[in-house]
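Asker: Sharing a model that was predicted from the sequence below.
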Amino acid sequence: MNRMEETKGLRGRTDIHFNCCQSVLVPFADQCGLSKEAAYQLGAHFGVTGALMALGMAGADNDAALELMRRFRANNQALDCATLLRLASQRGEERKCHCDRMVYEAVELLEEQLEKK
């Protein structure tokens, strides 16, 4: 199973909730030197910052983080959860679909940055 498949599996679970950060960070736990449980706990109180956590733990430099944020913002007009949710609501996008889409995009951007490392 690749990281995106694992992410989709986490987002589809109904027995336990994986927030945006956990959904991105847990599939990359091994690359960060963490257990999946530690990654789950680490990301418990964060939103879409899981990709930045994984970049830092994988030893990526500040330029990689800035590039990931630049590309995410260019695609979505914002980085903060409240604004992203407001924009999704204005478009009539259902919250779960919106959040899943944000998580999947973060995983794709993270994989691209880590491949460059």
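Answerer: Perfect, I can see it now.
Asker: Now do the contacts for the spatially most central residue of the chain.
Answerer: For the chain, Val24 is the residue whose C-alpha lies nearest the centre (C-alpha atoms, centre = their mean; 3.7 Å). By C-beta atoms under 8 Å, 6 or more residues apart in numbering, the residues touching Val24 are Thr7, Gly43, Val48, Gly50, Ala51, Ala54, Val103, Ala106, Val107, Leu110. To be clear about C-beta, it is placed using only N, CA and C from the backbone, and glycine gets the same treatment.
Asker: Identify those among the residues you listed that sit within helices.
Answerer: Using DSSP state H, the members of those that fall within helices are Thr7, Gly50, Ala51, Ala54, Val103, Ala106, Val107, Leu110.
Asker: circling back: which residue sits closest to the residue nearest to the centre of the chain, ignoring its sequence neighbours?
Answerer: Gly50 (3.2 Å; C-beta to C-beta, 6 or more residues apart in numbering).
Asker: hang on, the earlier thing: select from the ones in helices among the contacts of Val24 the one having the most neighbours.
Answerer: Neighbour count (other C-beta atoms under 10 Å) singles out Ala54 as the most crowded of those, with 30 neighbours.
Asker: what sits against Arg95?
Answerer: Leu85, Ala88, Ser89 are the contacts of Arg95 under C-beta under 8 Å, 6+ apart.
Asker: Now these in CSV, please, with extra columns for neighbour count and secondary structure.
Answerer: What follows is the contacts of Arg95, written out as CSV (neighbours: other C-beta atoms under 10 Å; DSSP: H, G, I helix; E, B strand; the rest coil):
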residue, neighbour count, secondary structure
Leu85, 17, helix
Ala88, 18, helix
Ser89, 12, helix
